[in-house]
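Student: any chance you can model this:
(chains A and B)
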Amino acid sequence: MLKMTHLSKVYRTEVVETYALRDFNIDVKEGEFVAVTGPSGSGKTTFLTIAGLLETFTGGEYHLDGVEVSNLNDNARSKIRNEKIGFIFQAFNLIPDLNVFDNVEVPLRYRGMKAAERKQRIMDALERVGLASRAKHYPAELSGGQQQRVAIARALAGSPRLLLADEPTGNLDTQMARGVMELLEEIHREGATIVMVTHDPELAARAQRNVHIIDGQVVDLAEDPRFHHAQHTAHTGTPA
Amino acid sequence: MLQIKPILAALKRHKAGTILIALQIALTLAIVCNALFIIQQRVQRLSRPSGMNESNVLAITNRWVAVNDKDTASLTKTDVQALRQLPGVEDAMNTNSFPLRGGGWSTGVNLVPKENGKPAGQTTLYFVDEHALAVYGAQLIAGRNFTADEVIVADPKDIKSTPQVIVTKALADKLFPKGDALGKQMYLSGKDVPPSTIIGIVKQLQVPWSGIWANDFVENATLLPVQLTGSYGIYLIRAKPGQLAAVTKSAPEALLKTNRMRVISGERAIRTYEKVREDAYKNDRGMAILMGVICVILLAITAAGIVGLTSFWVGQRRKQIGVRRALGATKHDILSYFLTENLMIGIAGVVIGAGLAVGLNLWMVTQFEMARLSAVYVFAGVIALLLLGQAAVLAPAMRAAKVPPVEATRSV
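Tutor: Numbers count the residues shown, from 1 in each chain, chains lettered A, B, ... in the order given. Coordinates of the predicted model:
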């Protein structure tokens, strides 16, 4: 479903090159629920933005659902984002001027779907996240957990092949986070492929597989000395 | 992709900006439509033909000083002969006025003797001699010119009419709609006025006035074969081609050489016909320019308002645009979103503006006797305002389209 091989992402300025991802390799199979963890600045979000075709990468290969995406133009990338990927953002990213129904409708409109089919999909998606009764409410009238559920409904309404979640519970309290996580697990059980970036080890543990990123590379936690060093530092509280 | 419903929903949440821009568009349309209509009317008047061959014509206003009124006829005759003999002069005459001069005589004209009451028509009176048609360069389309022996000498206070007159086609058609004016009699308004026989018809000669009030009889002119006595008169001179500048210098000198008991001075004493036309339409031209400047300023302010508001909205919605891009919107979708949004505000504005334009015109019709605004101006104004809106919104909309999808993941 999602395969990155020797992928790199370099941010260049006039004086310095910064590698956000370096020789990055990952292979997510269809139907997997993968949690991506790592310290701040490790490259988790960069990985997610490249995986979601929100950004381009500098080198290597990226196959999404069997398609090599490096040479696609902007329109083709938009089409893939719209049809194959569902995004769940930490800050929900609902459009404040639109009510719940219209927010969920946004990606479906860009697909050029007929009104009747749009309505059916929106109501199904809202039903699934338990917010059908709030269709006419505006985001500001909902709690954080409800807003994230609307964002999940928006991601699900287009029946994407891949769901990308960036700290989906990062802005929620424990109870709401639990509810959102249970929803994601339920969606996964129904066959969706989910890649979730998180800081929270408890949430990561509920995923099928964990991928850890340090300094822009996927590492094997058992073997990577940097992990042990990081653990040691965390335990002693003093830098090496 | 049509995005009308979500755009409407978004606009409802930004009422203040939306209403302000729509009202600005409405007011601009109302004012611009009427201003353009006024400009068109003024330009139409500016380009109205005088009926004369206007090139190579010079007008000199003469005022006799310390000369008995009874003697002016012979002095004028001497002047005219002197002018006609000048090298570079094709022909010359003395008259009381001429088209676009700015002042002259007008009176009622009837098919029967009539002292009071509404006349059948209104006409200006040009007192001229048999050289008039040549000096004017006017086209005689029926009948004949005056002969020298038909020209009489008369005091302005005593003259009521002449046995023969030449009229313009407009006046002839007004009095005799069947087109059989030639040889017919007409009466200038007044007590015991003898009839005048129409011996000739000229194609066109405008009245001396260029104001709106003269619109109803702007081409109604009557030529009477009269040499008026009195201290005041105008020499109208036709120079040979290319000789106007020389004649402008030599003619006043020749007149002063003939007799120095006269005043030829002041801004309007010696004027080429080009200057006469320029003076006659000075106000119209000024009004047209003023209206044009107002239109340009209003349109610029409206365009700036649209650019400003859209730029503000683009900046405010940067994150939202990134989210839309992340959810599958193409650059074209974003561009079209802002163009459609502007079009919808523009349509609301022009609908209100069209009503205001008609209302403003109706008010001016009642207050200033203006003509009714043609629907063409409203339609053209609507199209122009909508296009202006689309042009104004293009740059900020293109900036919006360039917002990358990764903007969705950035914290504000």
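
Student: the helix or strand that contains residue A:127 and chain B in contact?
Tutor: Per DSSP states H and E, residue A:127 falls inside helix A:115-128. No: interface with chain B: helix A:115-128 contributes nothing (CB under 8 Å from any CB of the partner chain), its closest point being 9.3 Å away. Where you see a C-beta, it was placed from the backbone N, CA and C, and this is true even at glycine.

Student: could you check how far that helix is from the centre of its chain?
Tutor: Between the centre of helix A:115-128 and the centre of its chain there are 22 Å (CA atoms, centre = their mean, to the nearest Å).

Student: buried residues in that helix?
Tutor: In terms of neighbour count (16 or more other CB atoms under 10 Å in any protein chain shown), helix A:115-128 has its buried residues at A:118, A:121-123, A:125-126, A:128.

Student: leaving out chain neighbours, which residue sits closest to residue A:53?
Tutor: Counting by CB to CB, 6 or more residues apart in numbering or on different chains, residue A:53 lies nearest to residue A:77, which is 4.6 Å off, once chain neighbours are set aside.

Student: who in chain A is up against chain B?
Tutor: Residues of chain A lying near chain B by CB under 8 Å from any CB: A:45, A:48-49, A:52-55, A:74-75, A:78-79, A:81-83, A:87, A:89, A:91, A:93, A:95-99, A:102, A:105-107, A:109-112, A:154, A:158, A:166.

Student: which ones among these are found in helices?
Tutor: Among those, DSSP state H puts A:45, A:48-49, A:74-75, A:78-79, A:81-83, A:102, A:105-107, A:109-110, A:154 in helices.

Student: pull out the buried members of the residues you listed.
Tutor: By 16+ other CB under 10 Å, these give A:45, A:48-49, A:78-79, A:81-83, A:102, A:105-107, A:109-110, A:154 as buried.

Student: tell me where the longest helix sits in chain A.
Tutor: The residue-count maximum for a helix in chain A (DSSP H) belongs to helix A:174-189.

Student: and the angle from that helix to helix A:115-128?
Tutor: Using axes from the mean of the first three to the mean of the last three CA atoms, to 10 degrees, one finds that helix A:174-189 and helix A:115-128 are set 120 degrees apart in direction.

Student: list of residues touching helix A:174-189?
Tutor: A:31, A:33, A:129, A:143-145, A:148-149, A:152, A:156, A:163, A:165, A:168-169, A:172, A:194, A:196, A:200, A:203, A:206, A:208 (CB atoms under 8 Å, 6 or more residues apart in numbering or on different chains).

Student: now do the following helix or strand past that helix, average pLDDT.
Tutor: For helix A:174-189, the following helix or strand on the C-terminal side (DSSP H and E) is strand A:193-197. Taken as a whole, strand A:193-197 has an average pLDDT of 94.

Student: please apply the same query to stretch A:174-185.
Tutor: The average pLDDT for stretch A:174-185 rounds to 86.

Student: please name the nearest non-neighbouring residue to the residue of chain A found nearest chain B.
Tutor: Using CB to the nearest CB, the closest approach of chain A to chain B is made by residue A:82 at 2.3 Å. Spatially, and ignoring its direct neighbours in sequence, residue A:82 is nearest to residue B:328 (2.3 Å; CB to CB, 6+ apart).

Student: kindly report the same for residue B:29.
Tutor: Leaving aside its sequence neighbours, residue B:29 sits nearest to residue B:353 (CB to CB, 6+ apart; 3.0 Å).

Student: how about the contacts made by the one you found?
Tutor: Contacts for residue B:353 (CB under 8 Å, 6+ apart) come out as B:25-30, B:33, B:381-382, B:385.

Student: tell me the secondary structure at residue B:109.
Tutor: Per DSSP: H, G, I helix; E, B strand; the rest coil, the local secondary structure of residue B:109 is strand.

Student: the one 3 residues further on now?
Tutor: When classified by three-state DSSP, residue B:112 comes out as coil.

Student: run a quick neighbour tally on the closest residue to it other than its chain neighbours.
Tutor: Excluding the flanking residues, the one nearest residue B:112 by CB to CB, 6+ apart is residue B:187, at 6.4 Å. By the measure other CB atoms under 10 Å in any protein chain shown, the count of residues near residue B:187 is 21.

Student: pLDDT-wise, which helix or strand of chain A ranks last?
Tutor: Lowest by mean pLDDT, DSSP states H and E among the helices and strands of chain A is helix A:225-236, with a mean of 45.

Student: show the end-to-end separation of stretch B:98-105, please.
Tutor: Stretch B:98-105 stretches 10 Å from its first residue to its last (CA to CA, to the nearest Å).

Student: nearest to chain A: which residue in chain B?
Tutor: Residue of chain B nearest chain A, by CB to the nearest CB: residue B:328 (2.3 Å).

Student: tell me who's in contact with that residue.
Tutor: By CB under 8 Å, 6+ apart, residue B:328 lies in contact with A:78-79, A:81-83, A:107, A:110-111, A:158.

Student: quick one: mean pLDDT for stretch B:281-288?
Tutor: The average pLDDT within stretch B:281-288 is 91.

Student: oh, that last question was meant for stretch B:118-135, not what I typed.
Tutor: Averaging pLDDT along stretch B:118-135 gives 95.

Student: gap between the two ends of stretch B:266-281?
Tutor: This stretch, stretch B:266-281, spans 19 Å end to end (CA to CA).

Student: tell me which residues in it are buried?
Tutor: For stretch B:266-281, using 16+ other CB under 10 Å, the buried residues are B:270-273, B:276-277, B:279-281.

Student: out of the residues you listed, flag the one nearest to residue B:144.
Tutor: Nearest to residue B:144 among the buried residues of stretch B:266-281: residue B:273, at 25.8 Å, using CB to CB.

Student: surely the closest one meets residue B:53?
Tutor: No: look at residue B:273 against residue B:53 with CB atoms under 8 Å: they stay out of range, at 9.1 Å.

Student: tell me where chain B has helices.
Tutor: Under DSSP H, chain B gives helices at B:4-12, B:15-46, B:72-85, B:132-136, B:169-175, B:244-258, B:273-280, B:282-316, B:318-326, B:331-368, B:375-401.

Student: helices and strands around the fourth one, which ones?
Tutor: Counting contacts by 3 or more CB pairs under 8 Å, 6 or more residues apart in numbering or on different chains; DSSP states H and E, the secondary-structure elements packed against helix B:132-136 are strand B:89-95, strand B:232-239.

Student: contacts only, for residue A:193.
Tutor: Taking CB under 8 Å, 6+ apart, one finds A:1-2, A:28-33, A:161-163 in contact with residue A:193.

Student: who is it paired with across the strands?
Tutor: residue A:162 (DSSP bridges).
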